[in-house]
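Peer 1: Could you work out the structure for the sequence below:
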Amino acid sequence: MPKVDGEDAIAGKRPAGFTAARGGQADDLKLIKGIGPQNETRLHALGIWHFSQIAAWTPENVEWVGTYLAFPGRIEREDWVEQAAALARTATTVEPVTAVPLSGAALEGKRPGNLLPGARGGKPDDLGLIDGVGPAIAETLNTLGIWHFDQIVALGPDELRFLAHHTGFPGRDVAEQWQAEAKILAAGGETEHSREVKAKKRKRKR
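Peer 2: Predicted coordinates for the structure are as follows:
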C-alpha cells in the first residue's frame with residue numbers, strides 16, 4: 001500500500017493493508033460502532049477492508065489509526081478490535097460449510113462458526129507458516145474448513161478448544177499459540193518461524 005501524507009510522523013505503527021478486498025467483497029465496516037461512511041472510506045484507503053484485519057490490530061496499530069483518523073483514544077473506548085473480532089466470527093460471506101464427519105468421541109469445545117467450503121478466491125493462506133502446523137495438520141484444518149489466518153484469529157476460546165482436539169492436541173495451549181502467530185501473519189507481519197520456512201523454500205527453488 002502507498003504511504004499517506006505524514007505517515008512517518010504518526011505515532012504507533014500503520015497496520016498492513018490489502019490493495020483490494022478479498023474476492024472483491026469487502027465487509028461492511030459500518031457495522032462497527034464508531035465507523036461511519038467517511039471513516040469506512042478512509043479505512044479502505046489504508047487497505048482495510050475486512051473485520052478480520054481490524055481484529056488483528058495491535059495496540060500500536062490502534063494508536064496509529066486513531067491518530068490518522070484524528071480521534072486518538074476513540075478506537076479503544078468504542079472497542080473496535082473486539083467488535084471486529086465478534087463480527088468476523090459471525091460473518092457469512094459464503095454458503096455454510098457442510099459438517100465434516102468426525103470419528104471417535106465427541107470433541108470438547110464448540111465447532112467454529114466461520115468455516116469455509118473452500119479458500120477465498122481459490123487462494124488459501126500457507127498455514128504451514130504457523131509454528132507447529134505441518135502439512136498433515138494444515139490438511140486437517142483445510143478439511144475442517146479453515147483456510148486462512150484470519151479465520152484462526154477470529155476463533156473464540158471454546159472454538160480454539162475444539163480446534164485443538166480436532167487436530168490431536170487436547171487442551172487449548174497449542175491452539176492459542178497458533179492464534180497468536182496467525183494474528184501476526186494475518187496483519188502482514190512475520191514471525192521467526194515464518195521467516196525460517198520462507199528461507200527454506202527459497203533455498204529449495206535455487
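
Peer 1: Can you give me the neighbour number for residue 21?
Peer 2: Neighbourhood size, residue 21 [other CB atoms under 10 Å]: 15. (C-beta placed from N, C-alpha, C; glycine too.)

Peer 1: centroid residue for this protein?
Peer 2: Centroid check for the chain by CA atoms, centre = their mean gives residue 150 as the closest residue, at 2.0 Å.

Peer 1: Please name the nearest non-neighbouring residue to that one.
Peer 2: Of all residues not flanking residue 150 in the chain, residue 52 sits nearest, at 3.2 Å (CB to CB, 6 or more residues apart in numbering).

Peer 1: from memory the one you found sits against residue 185, does it?
Peer 2: No: counting by CB atoms under 8 Å, residue 52 stays clear of residue 185, with 11.6 Å between them.

Peer 1: Tell me which of the two has more neighbours.
Peer 2: residue 52 (27 against 24).

Peer 1: SS state for that one?
Peer 2: What DSSP: H, G, I helix; E, B strand; the rest coil gives for residue 52 is helix.

Peer 1: Now the terminal residues of stretch 125-134, how far apart.
Peer 2: With CA to CA, to the nearest Å applied, stretch 125-134 spans 13 Å between its terminal residues.

Peer 1: so how far is that stretch from its chain's centroid?
Peer 2: Averaging C-alpha positions (CA atoms, centre = their mean, to the nearest Å) puts stretch 125-134 14 Å from its chain's average.

Peer 1: Need the contact partners of it.
Peer 2: 119, 135, 137-138, 141-142, 146-149, 152, 174, 177-178, 181-182, 185-186, 191, 193-194, 197-198 (CB atoms under 8 Å, 6 or more residues apart in numbering).

Peer 1: Just the ones of those residues in helices?
Peer 2: 135, 137-138, 141-142, 149, 152, 174, 177-178, 181-182, 185-186, 193-194, 197-198 (DSSP state H).

Peer 1: what's the spacing between stretch 69-83 and its chain's center?
Peer 2: Mean-position distance between stretch 69-83 and its chain equals 19 Å (CA atoms, centre = their mean).

Peer 1: For it, buried residues please.
Peer 2: 69, 72, 75, 80, 81, 83 (16 or more other CB atoms under 10 Å).

Peer 1: Widest-spaced pair of these?
Peer 2: Greatest spacing in the buried residues of stretch 69-83, by CB to CB: 72 and 83 (18.1 Å).

Peer 1: Residue 73 and residue 57, how far apart?
Peer 2: As judged by CB to CB, to the nearest Å, residue 73 and residue 57 stand 14 Å apart.

Peer 1: All good on my end, thank you.
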